[in-house]
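Student: Attaching a predicted model along with its sequence, questions to come.
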Amino acid sequence: MKKQEKSVNYLSQFLPDGAYDLVAPFFKSHVIHLSLTHERKSVLGDYRTPTKEHPEHRISINANLNPYSFLVTLLHELAHMFTFIQYGHKAAPHGPEWKEKYRHTLTPFLGKQIFPPDVERALHAYLQDPAASTCADPRLFKALYRYDERETGQKLVDQLPQNALFVYDGQTYQIIERRRTRIKCKNIQNGKMYLFPGIAEVKEVKE
(Lines give C-alpha, C1' and ligand atoms only; values in the text may rest on other atoms or scores of the structure.)
Protein backbone atom coordinates (compact mmCIF):
# COMPACT_ATOMS: atom_id res chain seq x y z
CA MET A 1 0.00 0.00 0.00
CA LYS A 2 1.57 3.26 -1.06
CA LYS A 3 1.34 6.11 1.41
CA GLN A 4 2.39 9.74 1.46
CA GLU A 5 3.94 11.19 4.63
CA LYS A 6 3.12 14.90 4.90
CA SER A 7 3.20 17.76 7.42
CA VAL A 8 -0.05 18.96 8.93
CA ASN A 9 -0.02 22.05 6.66
CA TYR A 10 -0.53 19.73 3.70
CA LEU A 11 -3.97 18.88 5.08
CA SER A 12 -5.46 22.20 4.03
CA GLN A 13 -5.79 21.14 0.38
CA PHE A 14 -7.91 18.11 1.35
CA LEU A 15 -10.28 19.93 3.72
CA PRO A 16 -13.30 22.17 3.08
CA ASP A 17 -12.83 25.91 3.44
CA GLY A 18 -12.79 26.95 7.07
CA ALA A 19 -11.92 23.53 8.47
CA TYR A 20 -8.12 23.67 8.70
CA ASP A 21 -7.96 26.15 11.57
CA LEU A 22 -10.20 23.86 13.61
CA VAL A 23 -8.27 20.71 12.70
CA ALA A 24 -4.69 21.97 13.15
CA PRO A 25 -4.84 22.26 16.99
CA PHE A 26 -5.44 18.51 17.26
CA PHE A 27 -2.07 17.91 15.61
CA LYS A 28 -0.31 20.54 17.72
CA SER A 29 -1.52 19.12 21.03
CA HIS A 30 -0.94 15.44 20.16
CA VAL A 31 1.83 13.55 18.41
CA ILE A 32 0.05 12.12 15.37
CA HIS A 33 1.62 10.33 12.44
CA LEU A 34 -0.66 11.08 9.48
CA SER A 35 -0.56 8.98 6.30
CA LEU A 36 -2.48 9.66 3.10
CA THR A 37 -3.17 6.76 0.77
CA HIS A 38 -4.93 6.41 -2.60
CA GLU A 39 -5.25 2.66 -2.89
CA ARG A 40 -7.87 1.41 -0.42
CA LYS A 41 -11.45 0.69 -1.46
CA SER A 42 -12.95 -1.06 1.56
CA VAL A 43 -11.62 1.39 4.19
CA LEU A 44 -11.82 5.19 4.21
CA GLY A 45 -9.47 5.67 7.14
CA ASP A 46 -8.05 3.98 10.21
CA TYR A 47 -6.48 4.68 13.58
CA ARG A 48 -3.72 2.69 15.25
CA THR A 49 -2.77 3.04 18.88
CA PRO A 50 0.81 3.80 19.99
CA THR A 51 3.13 0.83 20.40
CA LYS A 52 6.68 0.36 21.64
CA GLU A 53 7.91 0.43 18.04
CA HIS A 54 5.62 3.34 17.06
CA PRO A 55 5.02 5.51 20.15
CA GLU A 56 2.91 8.05 18.24
CA HIS A 57 -0.79 7.93 17.33
CA ARG A 58 -1.16 6.79 13.72
CA ILE A 59 -3.99 7.84 11.42
CA SER A 60 -4.36 7.09 7.71
CA ILE A 61 -6.95 8.63 5.39
CA ASN A 62 -7.79 7.95 1.76
CA ALA A 63 -6.58 11.01 -0.11
CA ASN A 64 -9.10 10.56 -2.94
CA LEU A 65 -12.11 11.43 -0.76
CA ASN A 66 -14.03 14.62 -1.45
CA PRO A 67 -13.29 17.37 1.12
CA TYR A 68 -16.42 16.74 3.20
CA SER A 69 -15.89 12.97 3.32
CA PHE A 70 -12.23 13.53 4.15
CA LEU A 71 -13.10 15.77 7.11
CA VAL A 72 -15.82 13.43 8.41
CA THR A 73 -13.40 10.48 8.18
CA LEU A 74 -10.54 12.37 9.81
CA LEU A 75 -12.75 13.39 12.75
CA HIS A 76 -13.95 9.77 13.01
CA GLU A 77 -10.35 8.60 13.43
CA LEU A 78 -9.46 11.43 15.81
CA ALA A 79 -12.40 10.35 17.97
CA HIS A 80 -10.79 6.90 18.15
CA MET A 81 -7.61 8.57 19.35
CA PHE A 82 -9.39 10.57 22.04
CA THR A 83 -11.25 7.44 23.15
CA PHE A 84 -7.99 5.53 23.50
CA ILE A 85 -6.34 8.39 25.40
CA GLN A 86 -9.12 8.39 28.00
CA TYR A 87 -10.11 4.71 28.16
CA GLY A 88 -7.20 2.77 26.71
CA HIS A 89 -8.18 -0.62 25.30
CA LYS A 90 -11.17 -0.92 27.66
CA ALA A 91 -13.59 0.82 25.30
CA ALA A 92 -15.22 -1.00 22.37
CA PRO A 93 -14.09 0.28 18.92
CA HIS A 94 -17.43 1.99 18.17
CA GLY A 95 -19.07 1.76 21.57
CA PRO A 96 -20.71 4.52 23.63
CA GLU A 97 -17.36 6.04 24.61
CA TRP A 98 -16.35 6.49 20.98
CA LYS A 99 -19.81 7.80 20.03
CA GLU A 100 -19.56 10.49 22.69
CA LYS A 101 -16.04 11.47 21.61
CA TYR A 102 -17.14 11.65 17.97
CA ARG A 103 -20.05 13.94 18.84
CA HIS A 104 -17.72 16.12 20.89
CA THR A 105 -15.12 16.23 18.09
CA LEU A 106 -17.46 16.85 15.14
CA THR A 107 -19.99 19.25 16.69
CA PRO A 108 -17.67 22.31 16.61
CA PHE A 109 -17.52 21.97 12.81
CA LEU A 110 -21.31 22.32 12.45
CA GLY A 111 -23.09 25.64 12.01
CA LYS A 112 -20.01 27.27 10.47
CA GLN A 113 -20.82 26.79 6.76
CA ILE A 114 -18.01 24.24 6.48
CA PHE A 115 -20.42 21.58 5.21
CA PRO A 116 -23.12 22.09 2.55
CA PRO A 117 -26.66 22.27 4.01
CA ASP A 118 -27.61 18.74 2.89
CA VAL A 119 -24.49 17.21 4.44
CA GLU A 120 -24.93 19.21 7.64
CA ARG A 121 -28.54 18.04 8.00
CA ALA A 122 -27.44 14.44 7.51
CA LEU A 123 -24.65 14.87 10.07
CA HIS A 124 -27.05 16.23 12.68
CA ALA A 125 -29.18 13.10 12.25
CA TYR A 126 -26.12 10.82 12.15
CA LEU A 127 -24.79 12.18 15.44
CA GLN A 128 -27.86 10.93 17.27
CA ASP A 129 -26.29 7.46 17.04
CA PRO A 130 -23.01 7.45 15.07
CA ALA A 131 -22.30 4.25 13.17
CA ALA A 132 -18.98 2.51 12.60
CA SER A 133 -18.87 3.84 9.04
CA THR A 134 -20.61 6.53 6.99
CA CYS A 135 -21.57 3.70 4.62
CA ALA A 136 -23.79 2.35 7.39
CA ASP A 137 -25.92 5.50 7.33
CA PRO A 138 -27.61 5.76 3.89
CA ARG A 139 -28.70 9.38 4.36
CA LEU A 140 -25.19 10.60 5.21
CA PHE A 141 -23.58 8.40 2.58
CA LYS A 142 -25.87 9.77 -0.15
CA ALA A 143 -25.31 13.37 0.96
CA LEU A 144 -21.53 12.97 0.84
CA TYR A 145 -21.69 11.02 -2.43
CA ARG A 146 -23.16 14.03 -4.24
CA TYR A 147 -19.78 15.77 -3.95
CA ASP A 148 -17.65 12.90 -5.26
CA GLU A 149 -15.87 13.10 -8.59
CA ARG A 150 -16.89 10.07 -10.63
CA GLU A 151 -17.09 8.70 -14.13
CA THR A 152 -20.03 9.63 -16.36
CA GLY A 153 -22.95 7.30 -15.70
CA GLN A 154 -21.79 6.24 -12.24
CA LYS A 155 -24.72 6.43 -9.82
CA LEU A 156 -26.16 4.79 -6.73
CA VAL A 157 -28.78 2.11 -7.41
CA ASP A 158 -31.22 4.16 -5.34
CA GLN A 159 -30.85 7.08 -7.78
CA LEU A 160 -31.99 5.08 -10.81
CA PRO A 161 -35.64 5.00 -11.99
CA GLN A 162 -37.85 1.92 -11.96
CA ASN A 163 -36.93 -0.67 -14.65
CA ALA A 164 -33.58 1.03 -15.28
CA LEU A 165 -30.65 -1.07 -16.47
CA PHE A 166 -27.22 -0.90 -14.88
CA VAL A 167 -23.90 -2.72 -14.89
CA TYR A 168 -22.30 -4.02 -11.70
CA ASP A 169 -19.16 -6.14 -11.61
CA GLY A 170 -19.43 -6.82 -15.36
CA GLN A 171 -23.05 -8.04 -15.19
CA THR A 172 -26.18 -6.20 -16.38
CA TYR A 173 -29.19 -5.85 -14.07
CA GLN A 174 -32.66 -4.33 -14.20
CA ILE A 175 -34.46 -2.74 -11.26
CA ILE A 176 -37.59 -4.78 -10.47
CA GLU A 177 -38.83 -3.81 -7.02
CA ARG A 178 -37.90 -1.25 -4.35
CA ARG A 179 -37.97 -2.41 -0.74
CA ARG A 180 -37.30 -0.50 2.46
CA THR A 181 -33.51 -0.85 2.50
CA ARG A 182 -32.81 -3.02 -0.55
CA ILE A 183 -33.66 -3.02 -4.24
CA LYS A 184 -34.63 -6.24 -6.02
CA CYS A 185 -32.87 -6.50 -9.37
CA LYS A 186 -32.86 -9.07 -12.16
CA ASN A 187 -29.60 -10.27 -13.65
CA ILE A 188 -30.15 -10.04 -17.41
CA GLN A 189 -27.54 -12.71 -18.15
CA ASN A 190 -28.86 -15.52 -15.92
CA GLY A 191 -32.40 -14.34 -15.05
CA LYS A 192 -31.78 -14.63 -11.28
CA MET A 193 -32.96 -12.04 -8.74
CA TYR A 194 -30.56 -10.20 -6.41
CA LEU A 195 -30.99 -7.66 -3.64
CA PHE A 196 -28.79 -4.56 -3.85
CA PRO A 197 -28.30 -1.99 -1.10
CA GLY A 198 -29.50 1.41 -2.26
CA ILE A 199 -26.01 2.86 -1.84
CA ALA A 200 -24.32 0.38 -4.20
CA GLU A 201 -22.47 2.32 -6.91
CA VAL A 202 -23.23 1.10 -10.45
CA LYS A 203 -22.90 2.16 -14.08
CA GLU A 204 -26.21 3.23 -15.61
CA VAL A 205 -27.06 1.78 -19.01
CA LYS A 206 -28.78 4.20 -21.36
CA GLU A 207 -31.28 2.46 -23.62
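Tutor: Cool, got the structure. Every value quoted in this text rests on a predicted model; they were computed, and no experiment measured them. Numbering: from 1, shown residues only.

Student: what sits against Cys135?
Tutor: 141, 199 (CB atoms under 8 Å, 6 or more residues apart in numbering). All C-beta atoms are positioned from the backbone trio N, CA, C, and that covers glycine.

Student: Would you state the strands of the protein in chain order?
Tutor: In the chain, the strands defined using DSSP state E lie at 3-5, 32-37, 45-48, 57-62, 154-156, 165-168, 171-178, 182-187, 193-197, 201-205.

Student: how about the helices in this protein?
Tutor: 20-29, 67-87, 96-106, 117-126, 138-145 (DSSP state H).

Student: The first one packs against which elements?
Tutor: Taking 3 or more CB pairs under 8 Å, 6 or more residues apart in numbering; DSSP states H and E as the contact definition, the neighbouring helices and strands of helix 20-29 are helix 67-87.

Student: Tell me how far Lys186 lies from Glu149.
Tutor: 31 Å (CB to CB, to the nearest Å).

Student: my bad, should have said Glu120
Tutor: Applying CB to CB to Glu120 and Glu149 gives a distance of 21 Å.

Student: what about those two, which has more around it?
Tutor: Higher neighbour count among Glu120 and Glu149: Glu120, with 17 against 7, using other CB atoms under 10 Å.

Student: so the more buried one touches Lys112, yeah?
Tutor: No - in this structure Glu120 lies outside contact range of Lys112 using CB atoms under 8 Å: 9.4 Å.
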